[in-house]
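# Below are the sequence and a predicted model; questions follow.
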Amino acid sequence: MDGLQSSVLEFRSSTFFAPVLVLYSNDMHAITLHLQEKIASAPDFFKSSPVLFDLTELNERGQAIDVAALIALLRQSGLCPVGIRGGSDAQARLALASSIPVDSGRSSGSARLELNNAPAAIPEIQAMVVKEVSHAPAMLVTQPVRSGQRIYAGGDLVILTQVSAGAEIMAEGNIHVYNTLRGRALAGVQGNTAARLFCLDLQAELVSIAGVYKTSEDLKTSIKKKPLQVYLQNQALIVEELD
């Protein structure tokens, strides 16, 4: 019996990736419109995505916001709020009352989704920039990456098998997929703009370098089943065949 009880569950450390929603306005109507626009630009990326909301800027400007209404709005938009950051003690208590934990401000593995009242240009998810690039050894994956799986590499990520739709692979360095890439692939997630993505067959839902991304709707069908690379050039994401 003791053996059975000891194998019921265990906690494991992991790197958890979630967008951070940074608010610059407490206008709920404007927030709703901008949020809908952002989600519509990459519905596969945001569908049921966990999200932290950051109230630091609002509080520095002395702008109050209805935390309960904000949480309800995020849930109604198909997002899953998992934390509050930069809130006052009163805001933190309101969040906890809605089962939203308080995040202490860790930025690792997070991307920023900024909403304000400025006219929206091309939506971008901007990664938190770090001054030094990680020198972690490359991670090698030899098993298929299945739908629902998330893999995070502190350096380069090398995958020898296919990445299924609904999977998500992330690396602080380059990503190499020597097979078909479906799902989502995010290289340079800590702001490494020199990172690149290489694969033999690109059929991804979303690809991103240092927070600049393209969705499946932006990728040409003519590039399927061809070796290629994805990289940043003048803040634009370039998808290019390999010779």
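Looks like it came in fine.

# Using the three-state scheme, assign the residue lying closest to residue 103 once chain neighbours are set aside.
The shortest distance from residue 103 to any non-neighbouring residue, by C-beta to C-beta, 6 or more residues apart in numbering, is to residue 83 (3.9 Å). Where you see a C-beta, it was placed from the backbone N, CA and C, and this is true even at glycine. Under DSSP: H, G, I helix; E, B strand; the rest coil, residue 83 falls in the strand class.

# My read is that residue 83 contacts residue 101, right?
Yes: if you go by C-beta atoms under 8 Å, residue 83 and residue 101 touch, sitting 5.3 Å apart.

# sorry, back to before: and the residue nearest to residue 103, what does it touch?
Neighbour list for residue 83: 18, 52, 53, 100, 101, 102, 103 [criterion: C-beta atoms under 8 Å, 6 or more residues apart in numbering].

# Who does it form a beta bridge with?
Per DSSP bridges, the residues bridged to residue 83 are residue 52.

# In the chain, what helix or strand scores lowest on average pLDDT?
strand 126-127 (a mean of 30; mean pLDDT, DSSP states H and E).

# which is the next helix or strand following that one?
Scanning forward in sequence from strand 126-127 by DSSP states H and E, the next helix or strand is strand 139-141.

# Given the helix or strand immediately after that following strand in the chain, what are its sheet partners and their directions?
Next along the chain after strand 139-141, taking DSSP H and E as the criterion, comes strand 150-153. Sheet pairing of strand 150-153 (DSSP bridges) gives strand 168-171 (parallel).

# which residues of the protein fall in helices?
2-6, 28-41, 43-46, 56-60, 67-76, 89-97 (DSSP state H).

# weakest of the ones you listed in terms of mean pLDDT?
Lowest mean pLDDT of the helices of the chain: helix 2-6, a mean of 53.

# Understood, closing this out.
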